[in-house]
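Student: My questions are about this predicted structure, shown below with the sequence.
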Amino acid sequence: MLFHVVPLDEWSADPGDAYRPASLASEGFVHCSADEAAALAIAEAHYRDTAGPLLVLVVDEELLTPEVRWEGSEDELFPHVYGPVDRRAVVDVLEVRRDADGHALDLTPWA
């Protein structure tokens, strides 16, 4: 499974189409994480000031149409999806529970 952090308003913007975050246009791929702990670290480092609900998409790599490449350094590899994320590949959606200052605490089921 792959994990992708996204604000709710971006995930729900076009529910009838494959998910295309801004990084796909600017960098050519969708940033993902290898596990829940890494996704929480990304939420903490890059999304603390994001207003509204913050989600983590759980993506089944086997259900993706685009290629997934594991890239980075010898010490740490990150999964990158080289195309839009097929919505059928999103097998679960979690919410990042945050404190009043926006610090990521944990992941809970999104209702």
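Tutor: Here it is on my side, so go on.

Student: For Thr108, list each beta-bridge partner.
Tutor: Taking DSSP bridges as the rule, Thr108 bridges to Glu95.

Student: Can I get stretch 64-79 in PDB? Just the C-alpha atoms.
Tutor: Provided in PDB are the C-alpha atoms of stretch 64-79 (Å, rounded to 0.1, in the frame of the first residue of the first chain):
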ATOM      1  CA  LEU A  64      -2.900   1.700 -10.300                       C
ATOM      2  CA  THR A  65      -2.600   2.200 -14.100                       C
ATOM      3  CA  PRO A  66       0.400   4.500 -14.000                       C
ATOM      4  CA  GLU A  67       3.900   3.400 -13.200                       C
ATOM      5  CA  VAL A  68       5.200   3.600  -9.600                       C
ATOM      6  CA  ARG A  69       8.900   4.200  -9.100                       C
ATOM      7  CA  TRP A  70      10.700   4.000  -5.700                       C
ATOM      8  CA  GLU A  71      13.100   6.900  -5.700                       C
ATOM      9  CA  GLY A  72      15.400   8.700  -3.300                       C
ATOM     10  CA  SER A  73      18.700   7.900  -1.700                       C
ATOM     11  CA  GLU A  74      20.200   4.700  -0.500                       C
ATOM     12  CA  ASP A  75      18.900   5.600   3.000                       C
ATOM     13  CA  GLU A  76      15.300   6.200   2.100                       C
ATOM     14  CA  LEU A  77      13.100   5.500  -0.900                       C
ATOM     15  CA  PHE A  78       9.800   7.100  -1.600                       C
ATOM     16  CA  PRO A  79       7.100   5.800  -4.000                       C
END
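
Student: quick one: buried residues of it?
Tutor: For stretch 64-79, a neighbour-count test (16 or more other C-beta atoms under 10 Å) marks 64, 66, 68, 78-79 as buried. The C-beta positions use only the backbone N, C-alpha and C, and glycine is treated the same way.

Student: Also stretch 28-41?
Tutor: 29-33, 38-40.

Student: Stretch 57-66 now?
Tutor: In stretch 57-66, counting by 16+ other C-beta under 10 Å, buried: 57-59, 64, 66.

Student: Next: stretch 78-94.
Tutor: 78-81, 83-87, 89-90, 94.
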